[in-house]
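**Q** Generate coordinates for the sequence data below:
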Amino acid sequence: VQLVESGGGLVQPGGSLRLSCAASGFTFNNYHMSWYRQAPGKERELVALITSISRNTRYADAVKGRSTISRDNAKNTVYLEMNGLKPEDTAVYYCYAFRSGADSYWGQGTQVTVSS
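**A** Next up is the predicted model:
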């Protein structure tokens, strides 16, 4: 099983990023997918999630209105587009796959740094 995040980097305040998470080794279509982040000295927190079939979405209040989570089941990939980035968005962003009654999986993370 692999979850490989990409798309992180250094961006100026107000900028945008699109994170990608490519999945392999499990039945992607059956799993809910989510993005978490962890800033230095803070606990890991949920950023956004998208359900497996209905593609319902949920966002943390801190990113609501600035972020969009989406998935392409044909490509086994989940995306997180973030706009209007703020310094407080600086964190390592992790992809997380889960479903009821089954193993869950984490990616290795991608660093997002928002700074001028």
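
**Q** For the closest residue to residue 51 other than its chain neighbours, give me the backbone phi and psi.
**A** The spatial neighbour of residue 51 that comes closest, neighbours along the chain excluded (Cβ to Cβ, 6 or more residues apart in numbering), is residue 32 at 5.0 Å. From N, CA and C alone the C-beta is placed, and that goes for glycine too. Phi and psi for residue 32, reported as degrees, to the nearest 10, are phi -70, psi 140.

**Q** My guess is residue 32 contacts residue 46. True?
**A** No - look at residue 32 against residue 46 with Cβ atoms under 8 Å: they stay out of range, at 11.6 Å.

**Q** These two: which is more packed in?
**A** residue 32 (20 against 14; other Cβ atoms under 10 Å).

**Q** Could you give the number of residues near residue 13?
**A** Residue 13 has 13 neighbours, counted by other Cβ under 10 Å.

**Q** need the contact list for it.
**A** If you count contacts by Cβ atoms under 8 Å, 6 or more residues apart in numbering, residue 13 has them with 85-87, 114-116.

**Q** Can you tell me what sits against the helix or strand containing residue 19?
**A** Using DSSP states H and E, residue 19 sits within strand 17-24. Defining contact as Cβ under 8 Å, 6+ apart, one finds that strand 17-24 is touched by 1-9, 11, 31, 33, 35, 75-82, 85, 93, 95, 97, 105, 107, 110, 112.

**Q** which one in the protein is furthest away from the centre?
**A** Using Cα atoms, centre = their mean, the residue of the chain lying farthest from its centre is residue 116. It sits 23.1 Å away.

**Q** So that one sits against residue 12, correct?
**A** Yes - look at residue 116 against residue 12 with Cβ under 8 Å: they come within range, at 5.4 Å.

**Q** any idea where the strands of this structure begin and end?
**A** 2-6, 9-11, 17-24, 32-38, 45-50, 57-59, 67-72, 77-82, 91-98, 105-106, 110-114 (DSSP state E).

**Q** Show me what the last one is packed up against.
**A** Going back to what we said before, that points to strand 110-114. Other elements packing on strand 110-114 under the criterion 3 or more Cβ pairs under 8 Å, 6 or more residues apart in numbering; DSSP states H and E are strand 9-11, strand 17-24, strand 91-98.
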